[in-house]
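Undergrad: Whatever this is, show me its structure:
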Amino acid sequence: MPRPGPRPYECVRRAWHSERHQPMRGLIIQQIFRLVHDNHPSATKKNKEWQEKLPIVVLRAEEIMYSKANSEAEYSDSETLWDRVNDAVDTIIRKDESTESGELLPPCVEGAHLSCASICQLNSSTEILC
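TA: Take a look at the predicted model:
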């Protein structure tokens, strides 16, 4: 069950968005998968539920990143990709540490249950938690 909290993020279409971005979006999705696979331990990668949920969560995170970006340059900036993925994860799981209490589902699993507002939780030490 998703966490209680503010309304899920609603993806918006910005003036710079275009169908011509589809190839670029595919590359960003591949980069996100690479980051996730490079930073998860092999035990996590062998988990069947993780394998099933990961594509859903990655696609939702990319959708949020595309929606939140103010320009094509901001969206495609590989230097900020990790931070933007973290932000998307926080959006997906509606992370608000000031009101968190109790045990929740792992973010990968929880995020897969949400709508356009949904990825694996990444922390600032470049270690993916799941």
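
Undergrad: Show me the strands in the chain, by range?
TA: Applying DSSP state E to the chain gives strands spanning 121-122, 128-129.

Undergrad: So for the first one, mean pLDDT?
TA: Put plainly, it is strand 121-122. Averaged across strand 121-122, the pLDDT comes to 34.

Undergrad: and Met24, how many neighbours does it have?
TA: 14 (other Cβ atoms under 10 Å). C-beta here means a position set from N, CA and C on the backbone, and glycine is covered the same way.

Undergrad: Pull out the buried residues from the longest helix along the chain.
TA: Ranked by residue count, the top helix of the chain under DSSP state H comes out as helix 48-68. Under the neighbour-count criterion of 16 or more other Cβ atoms under 10 Å, helix 48-68 has 50, 53-54, 56-58, 60-68 buried.

Undergrad: Which elements pack onto it?
TA: Contact partners of helix 48-68 among helices and strands, from 3 or more Cβ pairs under 8 Å, 6 or more residues apart in numbering; DSSP states H and E: helix 22-39, helix 81-92, helix 107-112.

Undergrad: Just give the nearest non-adjacent residue to Glu62, would you?
TA: Ile29 (5.1 Å; Cβ to Cβ, 6 or more residues apart in numbering).

Undergrad: got it, and Gln31?
TA: Nearest one to Gln31, counting by Cβ to Cβ, 6+ apart, is Leu81 at 6.2 Å.

Undergrad: could you list every residue that touches the one you found?
TA: Neighbour list for Leu81: 28, 31-32, 35 [criterion: Cβ atoms under 8 Å, 6 or more residues apart in numbering].

Undergrad: farthest pair in these?
TA: Ile28 and Leu35 (10.5 Å; Cβ to Cβ).

Undergrad: Can you list the low-confidence ranges for this structure?
TA: Low-confidence segments of the chain (pLDDT under 70): 1-8, 95-130.

Undergrad: Please report how far Ala73 lies from Ala61.
TA: 19 Å (Cβ to Cβ, to the nearest Å).

Undergrad: What's the local residue count around the residue nearest to Val58 when sequence neighbours are not counted?
TA: Leaving aside its sequence neighbours, Val58 sits nearest to Ile32 (Cβ to Cβ, 6+ apart; 5.1 Å). Around Ile32 there are 25 other residues, counting by other Cβ under 10 Å.
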